[in-house]
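Novice: Quick one, fold the following:
(one chain, ligands or ions: 1)
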Amino acid sequence: MRFDILTIFPELFSSPFREGIIRRALQAGQITVNLHNIRDWATDKHSMTDDRPFGGGEGMVMKPEPLAACLRDVQAREQGRVILLSPRGVSYNQRAAERLAGFEKLVLVCGRYEGVDERFRQLYVDEELSIGDYILTGGELAAMVVVDSVTRVLPGVLGCADSAANDTFSRGLLKHGQFTRPREFEGQDVPEELLSGDHGRIEQYRFLESVRETLHRRPSLLAGVEFTAAEKKVLKKAGLWQQVQQAVVGHDN
Ligand SMILES: C[S@@+](CC[C@H](N)C(=O)[O-])C[C@H]1O[C@@H](n2cnc3c(N)ncnc32)[C@H](O)[C@@H]1O
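Specialist: This is a model prediction of the structure:
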């Protein structure tokens, strides 16, 4: 998978991709990340990429010509999906990461200042994504979030095939709590189910904990979860089925 990132601050990307899973994916050739400094496509002698907004107001707006020229070059050989990082965009989530992992090439456009000229957005952008209801100083951090989360779900990137499938959000449930050694920490014991060595019991305990965590923290997520007949039985036995149904009805629309 190929990521092309359009930015006026390419240096910002030097460290986040140098560690851990992303570094390994880069080294293994599972992903490539190509940084393009929009300034290199500016045509005036000061390499300006921004200008004052028509109609007045505060701040500067990213000019459309350098962005468009840069994008055309990046798309010349192979067309990719063009994503503008923007607080006005659709909320980014795990489903979106999984969907984007299906493209061969993603082009991530990072805004700065007051954002990009609206005509660039209309003419060149396939979709706009927001990583949350807050305003960043630029789209670079958002682009890093997309590269990281999409790479993580690409086949073969994670060592253990199961770990992405069992993540929080992968089926709409939050993940259960995790424990490691020591067995006792500051008076708190590891739940005895996890020490039982009985895989069926452990699975059931983790499933129920996932449902409890989701009910407690993010009940609206339950509206999107399909439970198997066996799982419904387990939930009924644990006295959770009614709560799950109430949460679903409360957030159905
Ligand atoms: C300071 S922001 C511009 C905010 C704009 N004035 C507004 O109110 O919508 C500059 C750039 O940061 C990026 N950005 C800011 N917040 C973001 C978010 N929540 N998600 C994705 N990108 C964001 C966008 O690329 C945006 O063009």
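
Novice: Chain neighbours aside, what residue packs nearest to whichever residue of the stretch 1-150 of the chain sits closest to the ligand?
Specialist: Among the residues of the stretch 1-150 of the chain, Gly111 lies closest to the ligand, at 2.2 Å counting by C-beta to the nearest ligand atom. C-beta: built from backbone N, CA, C; applies to glycine. Distance criterion C-beta to C-beta, 6 or more residues apart in numbering; nearest residue to Gly111, sequence neighbours excluded, is Gly139 at 4.7 Å.

Novice: Which pLDDT value belongs to the one you found?
Specialist: On pLDDT, Gly139 comes in at 98.

Novice: Near it, how many residues? Count them for me, please.
Specialist: 28 (other C-beta atoms under 10 Å).

Novice: Was I right to think it contacts Val109?
Specialist: Yes - here Gly139 reaches Val109: they are 6.9 Å apart, a contact under C-beta atoms under 8 Å.

Novice: quick one: common contacting residues for those two?
Specialist: Counting by C-beta atoms under 8 Å, 6 or more residues apart in numbering, the residues touching both Gly139 and Val109 are 84-85.

Novice: Provide a list of residues in contact with the residue of the stretch 1-150 of the chain closest to the ligand.
Specialist: Here Gly111 is in contact with 62, 84-86, 138-139 (C-beta under 8 Å, 6+ apart).

Novice: gap between it and Arg119?
Specialist: As for Gly111, its distance to Arg119 is 14 Å (criterion: C-beta to C-beta, to the nearest Å).

Novice: And for Gln178?
Specialist: Gln178 is 49 Å from Arg119, by C-beta to C-beta.

Novice: which of these two has more neighbours?
Specialist: The neighbour comparison of Gln178 against Arg119 (other C-beta under 10 Å) goes to Arg119, with 11 against 7.
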